[in-house]
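# coords below, sequence missing:
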């Protein structure tokens, strides 16, 4: 501020749109573009339809490049940091833990038909990085459903979390 430069401090998960006097040209990595295209089911990509892209802006040899975070970490020789979000959802006292988890799994498979739902032996399941499992609360006999996901899958993680809560409220 002392130098007359605008400061932007968006909260976690908030998107900041920064208007510039001149256009800022950047190259987008083809792998990241294909990932975005697949996520938004655009074939070919539609330049008039906005889409949210999770990536890292890298300045190398005076060229701005938007690339996948893993690829950027590999190119720069840095370890990739992952942010894992988790939310425990308590089971109602009258619920059978295995039955509740099965109901949630069925609801997720029915609602997310275009997504691969991987079910494990213990009836826990995952969709991309979103993991839904049953765990015992402390030393008590009470159980809870634990929903965990990577920050990159925050939209999907929150969607599944809402489904878990809605199934348990029924």
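Good, I have the coordinates. This is a predicted model, so every value here is computed, not measured.
# For the helix-or-strand element of the chain with minimal mean pLDDT, which helices and strands make contact with it?
Across the helices and strands of the chain, mean pLDDT, DSSP states H and E gives its lowest value to helix 30-39, namely a mean of 77. Where contact means 3 or more CB pairs under 8 Å, 6 or more residues apart in numbering; DSSP states H and E, helix 30-39 is packed against strand 63-67. All C-beta atoms are positioned from the backbone trio N, CA, C, and that covers glycine.
# tell me what the strand it packs on is packed against?
Right, strand 63-67 is packed against strand 27-28, helix 30-39, strand 56-60 by 3+ CB pairs under 8 Å, 6+ apart.
# May I see the buried residues of that strand?
Residues 65-67 are the ones in strand 63-67 that count as buried (16 or more other CB atoms under 10 Å).
# what does stretch 103-115 give?
Buried residues in stretch 103-115 (16+ other CB under 10 Å): 103-105, 107-108, 112.
# where does the most centrally placed residue in the chain land in three-state SS?
By CA atoms, centre = their mean, the mean C-alpha position of the chain lies nearest to residue 153, the distance being 1.1 Å. In three-state terms, and counting by DSSP: H, G, I helix; E, B strand; the rest coil, residue 153 is helix.
# heads up, I number from 4, so please use that
Yep, numbering from 4; the last one is residue 156 now.
# Distance-wise, check it relative to residue 88.
9 Å (CB to CB, to the nearest Å).
# My understanding was that residue 88 contacts residue 158; is that so?
No - in this structure residue 88 lies outside contact range of residue 158 using CB atoms under 8 Å: 11.6 Å.
# Can you tell me the SS state at residue 98?
Using three-state DSSP, the structure places residue 98 in coil.
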